[in-house]
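Participant: no sequence on this one, just coordinates:
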């Protein structure tokens with residue numbers, strides 16, 4: 001029996017500009033015994049690219065940059081073939097919808113219906129379950145594309161480096177998540193990606209105002225940037241320090257406090273290991289095919305350059321913990337370490353700071369407070385100043 005349900009993203013705010021010509025006005029799902037029908041209502045006939053990905057199994061729908069208008073909740077329940085859905089800006093000019101599937105699937109049919117009566121253009125996608133063996137036997141199926149086709153995503157979602165024209169230290173600020181990857185949700189439905197970006201922009205403002213630093217951001221708007229691109233961005237810009245900003249959540253709403261992480265292949269504790277695994281899944285969340293991707297670290301951790309970089313990272317992390325501890329609550333064993341992919345540069349000292357827990361109601365209120373944001377950023381600035389003064393003194397000895 002056909003069951004149509006209006007669905008939308010858990011994250012309610014469109015990340016695309018309001019002036020985008022193409023708009024999604026409605027989304028619904030119909031579940032049949034042998035398939036699921038996924039329907040997007042659009043203001044005009046779209047160009048698209050649709051494909052599946054394994055482990056975990058996902059269906060990815062790429063569209064031009066668009067305005068997302070539906071509101072509502074994602075249908076769930078035991079047995080639903082689509083378990084989650086995300087939407088966001090994947091690259092300049094490309095919006096992406098990612099459907100998490102309960103198991104392996106194939107695209108049974110895909111077509112566009114022109115406007116009829118009260119209905120606008122509709123992109124219709126029929127998704128059928130298959131066995132894992134059948135999925136793997138079929139190999140990597142070519143994407144289903146429109147005619148004319150959608151332009152491929154631009155390979156560089158962050159700008160190329162400009163020649164370094166001064167001797168000031170270069171600091172790369174990395175607001176976590178973004179675009180199709182919302183990060184952790186807060187109690188009241190705010191997204192980690194937005195909070196991390198707000199803190200990152202304030203940190204850039206304060207650092208730039210000193211005149212002492214060259215400051216660059218991996219993203220300064222709501223767009224997806226892969227973990228590897230963030231790390232490579234810092235290296236291409238010859239960064240002297242990389243600061244990745246995040247906000248955590250936990251199944252226990254009682255836990256709160258900031259923490260600072262540096263790289264290690266062995267995690268300091270089970271929670272650090274779990275957090276690293278969650279953060280390292282950001283590319284999966286955004287619908288990126290990670291099969292065949294080489295490991296970033298491995299024996300490079302044995303290299304003397306990497307060891308020196310890790311020592312510098314730990315030095316700055318300790319200074320940051322000391323400064324944050326004067327203005328906010330910290331987790332016990334505040335400086336932690338695990339195998340965060342975004343921290344794996346062999347040449348750039350890097351830290352990941354979790355500014356607090358969005359799952360704690362009191363701390364969520366703090367993290368949404370402009371005053372608290374300024375306080376944390378001021379403490380971070382003091383730690384950065386102290387780190388480079390320490391390096392200057394070290395170089396004179």
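Facilitator: Right, received. Where do you want to start? All figures in this text were calculated on a predicted structure; none of them were measured in a lab.

Participant: OK, contacts around residue 372?
Facilitator: Contact partners of residue 372, counting by Cβ atoms under 8 Å, 6 or more residues apart in numbering, are 328, 366. C-beta: built from backbone N, CA, C; applies to glycine.

Participant: a helix runs through it, doesn't it?
Facilitator: Yes. Under DSSP: H, G, I helix; E, B strand; the rest coil, residue 372 sits within a helix.

Participant: list the contacts for residue 210?
Facilitator: Residue 210 makes contact with 381, 385, according to Cβ under 8 Å, 6+ apart.

Participant: try the one 4 residues further on
Facilitator: Shown in contact with residue 214 (Cβ under 8 Å, 6+ apart): 164, 166, 168, 169, 170, 171.

Participant: out of those, which end up buried?
Facilitator: For those, a burial check counting by 16 or more other Cβ atoms under 10 Å picks out 169, 170, 171.

Participant: residue 339: which of those residues is nearest?
Facilitator: Closest approach to residue 339 among the buried ones among the contacts of residue 214 (Cβ to Cβ): residue 171, at 23.4 Å.

Participant: quick check, that closest one in a helix?
Facilitator: No. Residue 171 is assigned strand when assessed by three-state DSSP, not a helix.

Participant: my guess is it meets residue 218, correct?
Facilitator: No. Counting by Cβ atoms under 8 Å, residue 171 does not reach residue 218; the two are 11.6 Å apart.

Participant: for the residue positioned nearest the centre of the chain, what are its contacts?
Facilitator: The geometric centre of the chain, computed from its C-alpha atoms, lies nearest to residue 177 (Cα atoms, centre = their mean), at 2.2 Å. Contacts were defined as Cβ under 8 Å, 6+ apart; by that measure residue 177 touches 183, 191, 192, 193, 196, 246, 282.

Participant: okay, these in JSON lines with distance to residue 341, neighbour count and secondary structure next?
Facilitator: Below are those laid out as JSON lines (distance: Cβ to Cβ, whole Å; neighbours: other Cβ atoms under 10 Å; DSSP: H, G, I helix; E, B strand; the rest coil):
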{"residue": "183", "distance to residue 341": "15", "neighbour count": "25", "secondary structure": "coil"}
{"residue": "191", "distance to residue 341": "21", "neighbour count": "25", "secondary structure": "strand"}
{"residue": "192", "distance to residue 341": "17", "neighbour count": "26", "secondary structure": "helix"}
{"residue": "193", "distance to residue 341": "17", "neighbour count": "28", "secondary structure": "helix"}
{"residue": "196", "distance to residue 341": "16", "neighbour count": "27", "secondary structure": "helix"}
{"residue": "246", "distance to residue 341": "13", "neighbour count": "26", "secondary structure": "strand"}
{"residue": "282", "distance to residue 341": "8", "neighbour count": "23", "secondary structure": "helix"}
